[in-house]
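Engineer: curious how this folds, go ahead:
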Amino acid sequence: MRVTQIRVVPEKGDLQSNHDKLMSVLGDVAGRGADVVVTSECFLDGYVSTEDSVTSDNIKDYGIEPLDSSYLDSVSAWAGRNASWVVFGCSRLSPEGVYNTAILLDWKGNGEGVYDKTHCQTHDKKYVHGQNLSVFDSDFGRFGVVICADRRWPETVRSLAL
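Structural biologist: Predicted structure coming up:
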């Protein structure tokens, strides 16, 4: 299995610029046989929650609605054209608030699910805490996702493995 990690520094709060960077890098890796492409945590908004000016009230200005996002549409189209799964880090809008989310797109570009960070600390307390440790089925096997601090507690990974 070939995993490609996107390693560019996103701009704080500039969704369009970060999307453009991502699409440029995806263009560079197209055709190289990546089975899975992974962005960093909150890639689309540049992990803007670390900024003092961002609060739990205005963080929604940097979130997307997955079912109605042109940013996600183009990443989904790329996944389908390149038969590659994508784990896309963003701030996700929901009725409860904003989540620090990894959106999973399958190799056809279909939305396979979302994982919301569960262990929110310090600046991440601006987000709503995720409530589930989901496992996803894929053509290469079952897998789970953790975001940053989630990996610090062995119970998180153990629960996914079980």
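Engineer: make it CA atoms for all contacts and neighbour counts henceforth
Structural biologist: Fine.
Engineer: can you give me the strands for the chain?
Structural biologist: 3-5, 36-38, 85-94, 97-105, 111-116, 135-138, 141-144 (DSSP state E).
Engineer: can you add mean pLDDT and give these back as JSON lines?
Structural biologist: Output for the strands of the chain, formatted as JSON lines (pLDDT from 0 to 100):
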{"stretch": "strand 3-5", "mean pLDDT": "96"}
{"stretch": "strand 36-38", "mean pLDDT": "98"}
{"stretch": "strand 85-94", "mean pLDDT": "98"}
{"stretch": "strand 97-105", "mean pLDDT": "98"}
{"stretch": "strand 111-116", "mean pLDDT": "96"}
{"stretch": "strand 135-138", "mean pLDDT": "95"}
{"stretch": "strand 141-144", "mean pLDDT": "94"}
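Engineer: so which of these gets nearest Tyr47?
Structural biologist: Proximity to Tyr47 (Cα to Cα) singles out strand 85-94 among these, at 8.0 Å.
Engineer: isn't Arg151 right next to Leu160, touching?
Structural biologist: No - under the criterion of Cα atoms under 8 Å, Arg151 makes no contact with Leu160, lying 11.2 Å away.
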